[in-house]
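Enquirer: Give me a model of this one.
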Amino acid sequence: MRVFVLCVVALLVVGCGESGDTGAGGSRGSREDHYYVDSTRKILEKLSESLEQFKKDKGRYPTEQEGLKELRKMTPNAAKQWSKPYTNNTMFVDAWGLSLVYWTIGDTGFELRSGGPDARGDTEDDIVVRK
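Expert: Down below sits the predicted model:
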């Protein structure tokens with residue numbers, strides 16, 4: 001019994017020491033970080049597609065005041081029939097569960113941003129889509 005407990009404790013200590021978990025998705029370059037970064041990029045790409053469709057239909061992007069939640073509203077299509085929302089997302093968060101940042105760039109573009117693995121905005125590991 002004692003040998004088994006010592007082995008388990010040793011595995012836990014060694015496992016934790018190797019992971020270097022920093023709490024916000026693991027250490028830089030970890031397999032977990034790559035998964036979260038890839039997942040967040042996919043989230044941003046899908047939202048970008050939704051924003052582009054919104055602009056195609058309405059001639060503009062949602063304002064910063066309207067925000068991404070505007071993509072959830074049901075809107076009439078060209079035939080004046082109700083269509084589905086631009087996205088099915090109910091929460092606009094990255095793979096780490098942190099809120100995404102959206103702002104418009106003039107009248108012609110937008111930026112979507114995740115704080116990335118360090119969970120802080122405006123740092124080198126941010127994940128950004130700009131149109």
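
Enquirer: can you count the residues close to residue 119?
Expert: 17 (other Cβ atoms under 10 Å). No exception for glycine: its C-beta is placed from N, CA and C like everyone else's.

Enquirer: One more: residue 43?
Expert: Burial of residue 43, expressed as a neighbour count using other Cβ under 10 Å, amounts to 20.

Enquirer: give the contact list for the closest residue to it other than its chain neighbours.
Expert: Residue nearest to residue 43 in three dimensions, not counting chain neighbours: residue 94, with 6.3 Å by Cβ to Cβ, 6 or more residues apart in numbering. The neighbourhood of residue 94, defined by Cβ atoms under 8 Å, 6 or more residues apart in numbering, consists of 36, 39, 40, 43, 100, 114, 115, 127.

Enquirer: Let's have these in CSV, adding distance to residue 30 and secondary structure.
Expert: Formatted as CSV, the entries for the contacts of residue 94 read as follows, by distance: Cβ to Cβ, whole Å; DSSP: H, G, I helix; E, B strand; the rest coil:
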residue, distance to residue 30, secondary structure
36, 9, helix
39, 14, helix
40, 15, helix
43, 19, helix
100, 22, coil
114, 17, strand
115, 17, coil
127, 16, strand
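
Enquirer: Which of the residues you listed are buried, as a PyMOL select command?
Expert: Here is the PyMOL command that selects only those of those that count as buried (16 or more other Cβ atoms under 10 Å):
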select buried, resi 36+40+43+100+114+115+127
